[in-house]
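J.: Okay, predicted coordinates and the sequence, questions at the end:
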Amino acid sequence: MTQQMRVALGQHSAPTHDYLTFAKQLGVGGVQFNNIGKGIDLIPEETELSDDKGYWQVADLKRLKQRVNDYELELEALENVPRHFYIDAMLNGPRCAEQTRNYQTTVRNMGEAGIPILGLNWMPNLVWRTPMQRGRGGVKVTAFDMERALAGEVVTGITTAPEAEDRHYSEDEIFDNYLRFMEAVVPVAEEAGVKIALHPDDPPVPSLGGIDRVFYKPENFRRALEAVPSPCHGLDFCMGCFSEMVYADRSNNDGVLDAIRYFGGRGKIFYVHFRDVQGCVPKFQECFPGEGNVDVVAAVRTLKEVGFTGFIIDDHVPEMIDDSGWRHRGHAYSTGYIMALVEAVRQLA
């Protein structure tokens with residue numbers, strides 16, 4: 001059966017009974033997990049974990065997939081191996097070759113377990129945010145303000161020091177490291193039947209903590225995908241990050257739609273983080289879908305126009321009143337909103 005554009009539930013780190021039941025109650029067909037730790041700590045708490053070998057083991061992956069299937073859900077993708085699995089690959093450190101081989105092993109094991117997509121970020125010092133702000137009705141939302149970040153007011157990320165590692169790393173270095181890594185990983189992904197989905201830098205600024213960033217502007221995505229061409233090399237299209245980027249001659253909405261047309265039209269959007277922000281770099285804050293920079297109806301229409309057949313998840317949702325630690329109320333609102341958009345665009349086509 002041919003797949004079609006659909007909505008899943010993501011951005012969680014454990015397949016607990018509550019989470020998987022919640023996904024089923026929302027009516028989504030699948031889930032995705034993010035920010036995975038030692039071995040795979042997504043399996044239930046009572047299950048003994050495998051040793052941390054620097055890659056995910058096939059037995060763990062199969063147990064995870066079965067856990068999800070037991071709730072009559074599909075495991076759409078996994079996203080982000082632990083930073084220590086591949087930090088030397090990103091920075092060309094002494095364990096670069098070893099960590100690249102380990103990543104290849106993770107990809108092979110995912111293929112054997114039948115998990116089709118692995119999300120990847122190329123941010124050695126991770127996502128940065130400054131103190132949370134208030135949004136509609138007083139909800140708590142994440143935010144970034146470069147001025148506050150430079151003053152040391154960072155609430156996520158690796159460090160607030162001028163340099164995050166032992167020295168400054170240039171954009172060219174980080175880009176070359178990515179190409180070398182993907183040249184080794186992509187052939188393995190093709191053999192395993194696993195797609196590697198690249199997430200943009202967040203925030204999409206040229207440099208943070210002494211490490212230059214690469215995937216903060218659309219042209220660098222184009223360069224990377226052209227340099228290592230493969231049906232298994234594409235994007236986790238984060239609408240929020242593309243909305244945060246600065247476009248010299250277009251509004252953020254037009255820039256996002258142009259990016260969907262360019263990458264989606266080439267079959268390079270594997271799945272979508274459907275979030276939005278108010279403002280763009282160097283200062284923005286996140287918000288509910290439908291109240292930010294992007295015309296979200298136009299975004300879904302454009303995804304359909306380019307033939308997108310992957311899944312859409314929400315992202316970094318606002319924290320609503322009496323919400324849980326994993327923001328189930330925010331996810332319920334955002335997921336329902338996106339499901340309605342997708343269904344309306346499907347019906348009106």
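T.: Thanks, I have it. Everything numeric in this text was worked out from a predicted model, so none of it was measured. Numbers count the residues shown, from 1 in each chain.

J.: which residues are contacting stretch 333-341?
T.: By Cβ atoms under 8 Å, 6 or more residues apart in numbering, the surrounding residues in contact with stretch 333-341 are 7, 9, 26-28, 274-275, 288-290, 296-297, 300, 312-314, 317, 320. Heads up, the C-betas are built off the backbone N, CA and C, glycines and all.

J.: Among those, which lie within helices?
T.: 26, 296-297, 300 (DSSP state H).

J.: returning to what we had before: pull out the buried members of the contacts of stretch 333-341.
T.: By neighbour count, with 16 or more other Cβ atoms under 10 Å, the contacts of stretch 333-341 hold 7, 9, 26, 28, 274-275, 288-289, 296, 300, 312-314, 317, 320 as buried.

J.: out of the residues you listed, who's nearest Leu73?
T.: Val28 (7.6 Å; Cβ to Cβ).

J.: From Asp145, how far out is the closest one?
T.: 34 Å (Cβ to Cβ, to the nearest Å).

J.: what's the distance between Gly265 and Gly234?
T.: Taking Cβ to Cβ, one finds Gly265 at 12 Å from Gly234.

J.: So if I had to pick from those two, which one is more boxed in?
T.: Gly234 (23 against 14; other Cβ atoms under 10 Å).

J.: Ignoring the adjacent residues along the chain, who's closest to that one?
T.: Nearest non-adjacent residue to Gly234, counting by Cβ to Cβ, 6 or more residues apart in numbering: Lys268, 4.1 Å away.

J.: Now find how far off-centre the helix or strand containing Gln347 is within its chain.
T.: Element membership for Gln347, per DSSP states H and E: helix 328-348. What separates the centre of helix 328-348 from the centre of its chain is 19 Å, taken as Cα atoms, centre = their mean, to the nearest Å.

J.: May I see the buried residues of the helix or strand that Leu179 is a member of?
T.: Using DSSP H and E, Leu179 falls within helix 171-192. For helix 171-192, the neighbour count (16+ other Cβ under 10 Å) marks 173-175, 177-178, 181-182, 184-186, 188-190, 192 as buried.

J.: Give me the contacts around it.
T.: With Cβ under 8 Å, 6+ apart, helix 171-192 has contacts from 86, 89-92, 96, 100, 103-104, 107-108, 110-112, 118, 122, 124, 195-196, 206-207, 211-214, 220, 223-224, 227-228, 230-233.

J.: Can you say which of the residues you listed are buried?
T.: 86, 89-91, 96, 100, 103-104, 107-108, 110-111, 118, 122, 124, 195-196, 211-214, 220, 224, 228, 232-233.

J.: re the thing from before, can I get the helix holding Gln347 as CSV, trimmed to CA atoms?
T.: The C-alpha atoms that make up helix 328-348 are tabulated as CSV, following Å, rounded to 0.1, in the frame of the first residue of the first chain:
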residue,chain,number,x,y,z
HIS,A,328,1.1,16.0,27.0
ARG,A,329,-1.5,18.8,26.9
GLY,A,330,0.7,20.8,24.6
HIS,A,331,1.2,17.8,22.4
ALA,A,332,-2.5,17.0,22.4
TYR,A,333,-3.4,20.5,21.1
SER,A,334,-0.6,20.6,18.5
THR,A,335,-1.1,17.1,17.2
GLY,A,336,-4.8,17.5,16.9
TYR,A,337,-4.3,20.8,15.1
ILE,A,338,-1.9,19.3,12.6
MET,A,339,-4.2,16.2,12.0
ALA,A,340,-7.0,18.6,11.2
LEU,A,341,-4.8,20.5,8.8
VAL,A,342,-3.7,17.4,7.0
GLU,A,343,-7.2,16.0,6.7
ALA,A,344,-8.6,19.3,5.4
VAL,A,345,-5.9,19.6,2.8
ARG,A,346,-6.5,16.0,1.7
GLN,A,347,-10.2,16.5,1.5
LEU,A,348,-10.1,19.8,-0.4
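
J.: what about that helix, average pLDDT?
T.: Per-residue pLDDT values over helix 328-348 give a mean of 96.

J.: cool, and stretch 7-15?
T.: Mean predicted confidence for stretch 7-15 is 86.

J.: What of stretch 284-292?
T.: Mean predicted confidence for stretch 284-292 is 95.

J.: cool, and stretch 231-243?
T.: 97.

J.: What of stretch 190-208?
T.: Mean predicted confidence for stretch 190-208 is 97.

J.: tell me how far it is from the chain's mean position?
T.: 8 Å.

J.: distance between the ends of that stretch?
T.: Using Cα to Cα, to the nearest Å, the end-to-end distance of stretch 190-208 comes out at 33 Å.

J.: do the same with stretch 257-266
T.: End to end - Cα to Cα - stretch 257-266 spans 14 Å.

J.: picking that back up, could you tell me which of the buried ones among the contacts of helix 171-192 are located in strands?
T.: Those of these mapping onto strands are 118, 195-196, 211-212, 233, per DSSP state E.
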